[in-house]
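Student: Pasting the sequence and the predicted model now:
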Amino acid sequence: MKKTQVYKATEEKSVPGPGNRYELAIDESVATELLHHLIVWVQLPDVERRQLDIRLAGNVLTIKEAEEKVIDFTNLQRSQIVGNSPELKTCLNQVARAACKEDAVLICGETGTGKELFARAVHQNSRRDGENFVVVDCRSIPESIAEKLLLGQPRSARFGHHGLLPQANKGTLFLDEVADLPSSTQRLFYRLLQDEKYRPVGAVTDIRVNFRLIAATNRNLQQLAEQGKFDPVLLHMLQQHVVEIPPLRKRKGDISLLTDYFLTNFCKSRNIALKEQSPEFQEMLNSYPWPGNVRELENSLVQALLAARNKKTLFPKDLPSHIRVHVKKSSVGRKKKAVEDFSFDDDLFGGLFATDNPL
């Protein structure tokens, strides 16, 4: 087993016995560094992983225990993913688990939840960090030129270009809204994942390619596959690792953190003083269901800042009108329902109003 300078190994030895297990002694001072880079170890081939134990700060960790440490979301680089709610933590653990592997990843979430941010988090926390992260918007790819756009053409061809797939070699290819990928291109991708090679349009020889595929969707791919609208083989390959992003209405605990984050960034970019938030403003943000999720929250806060102008504090009236109307209607509806649900208990109050009551 080769030494790895990343972990500053002080000792390396093979342990006699079945399986020829290995130990790697690590100084306690570099324990944190090891955890940060442990992802390299858990990507070893299965045979080597089963034979590997890591001695960390005086304790021997099995590879399973090592994986459990590295998949902890607290070790993740998660730029622009803001929040600490239990729902988000569950999602981040899924991101960490996917980042440790090389298989395809499917990211599911409603419009506006930030699927590309989570895809980038998988890339940035994988061994492919530092290589290209190529984004493909599947909604904008006409079927007639999809293969040419993705695979490229030889330089000798007219308007020859390298294509998006070669750009992702050694890196990650992100298919945004994969449900809109043309059917012929869906078949192309499962062949790419199986064979790890492709042939540019007009070429006569295949080219080897090494890329990580991450796809995202806001639709039910299983249902589409049953309806014959999505390739079931490609779906099976994408489902090896699934990251489910919770909608904002299910992570209400993150709204205040997101609000502070967006307001701070916007005020800093415009070189204006950070505005305060009235309690009523915060209450309205928490009362609204945010069907457009984080993207709608960000856009609404920008509108609120523009509406507030030179005021030092943000109030509900600064928010877009459709938010105020929805929250007010919901409040009235809840009060009306509470009144309708209220009824006298005949056993308790009936006798009190009886005509023969001596009182």
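Tutor: In hand now; what should we look at?

Student: When you work out contacts or count neighbours from here on, use the C-alpha atoms and nothing else.
Tutor: OK.

Student: thought residue 206 was touching residue 197?
Tutor: Yes: between residue 206 and residue 197 there is a contact at 6.3 Å, judged by C-alpha atoms under 8 Å.

Student: can you list contacts of the helix or strand that contains residue 306?
Tutor: In this assignment (DSSP states H and E), residue 306 forms part of helix 293-308. Residues from elsewhere that reach helix 293-308 (C-alpha atoms under 8 Å, 6 or more residues apart in numbering): 110-114, 247-249, 259, 262-263, 266, 290, 314, 318-320.

Student: same thing but 6 Å
Tutor: For helix 293-308, the external contacting residues (C-alpha atoms under 6 Å, 6 or more residues apart in numbering) are 112-113, 248, 318-319.

Student: By neighbours, which of those wins?
Tutor: For the contacts of helix 293-308, the largest number of neighbours (other C-alpha atoms under 10 Å) sits with residue 248, at 24 neighbours.

Student: just to revisit the earlier point, and the furthest pair within the contacts of helix 293-308?
Tutor: Within these, 113 and 318 form the most distant pair, 23.6 Å apart (C-alpha to C-alpha).

Student: where does this structure dip in pLDDT?
Tutor: Applying pLDDT under 70 to the chain flags residues 1-74, 154-161, 333-359.

Student: Strands along that one, start to end?
Tutor: 11-14, 22-26, 54-56, 59-61, 105-108, 133-137, 172-176, 197-198, 207-208, 212-217, 241-244, 276-277, 313-314 (DSSP state E).

Student: Helices of the stretch 151-300 of the chain, start to end?
Tutor: 164-167, 183-195, 221-226, 232-238, 255-269, 279-287, 293-308 (DSSP state H, counting those that start in this stretch).

Student: which strands and helices sit next to the first one?
Tutor: The reference is to helix 164-167. helix 146-151 (3 or more C-alpha pairs under 6 Å, 6 or more residues apart in numbering; DSSP states H and E).

Student: hmm, who's touching the helix it packs on?
Tutor: For helix 146-151, contacts defined as C-alpha under 6 Å, 6+ apart pick out 163-165, 200-201.

Student: circling back: winner for burial among the helices of the stretch 151-300 of the chain?
Tutor: With neighbours taken as mean count of other C-alpha atoms under 10 Å, the helices of the stretch 151-300 of the chain reach their highest mean count in helix 164-167, at a mean of 20.

Student: Give me the domain ranges for the protein.
Tutor: Following automatic domain parsing, one finds the domains of the chain at 7-70, 74-246, 249-338.

Student: deepest of these, which one?
Tutor: The highest mean neighbour count among the domains of the chain, using mean count of other C-alpha under 10 Å, belongs to domain 74-246: a mean of 18.

Student: ok, and what's touching stretch 98-115?
Tutor: The contact list for stretch 98-115, computed with C-alpha under 6 Å, 6+ apart, reads 39, 122, 125-126, 213-218, 238-239, 241-245, 292-295.

Student: Compute the first-to-last residue distance for it.
Tutor: Terminal residues of stretch 98-115 are spaced 14 Å apart (C-alpha to C-alpha, to the nearest Å).

Student: quick revisit: and the contacts of helix 146-151 as CSV, adding distance to residue 104?
Tutor: Shown next, in CSV, are the contacts of helix 146-151 (distance: C-alpha to C-alpha, whole Å):
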residue, distance to residue 104
163, 20
164, 17
165, 15
200, 22
201, 24
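
Student: got a list of what residue 181 touches?
Tutor: Contact analysis of residue 181 by C-alpha under 6 Å, 6+ apart lists residue 138.

Student: Now with 10 Å, please.
Tutor: 136-143, 146, 175, 230 (C-alpha atoms under 10 Å, 6 or more residues apart in numbering).

Student: how much space is there between it and residue 191?
Tutor: Residue 181 is 15 Å from residue 191, by C-alpha to C-alpha.

Student: cool, and residue 274?
Tutor: 52 Å.

Student: for residue 203, same thing?
Tutor: When distance is defined by C-alpha to C-alpha, residue 203 is 17 Å away from residue 191.

Student: try residue 131
Tutor: Taking C-alpha to C-alpha, one finds residue 131 at 23 Å from residue 191.
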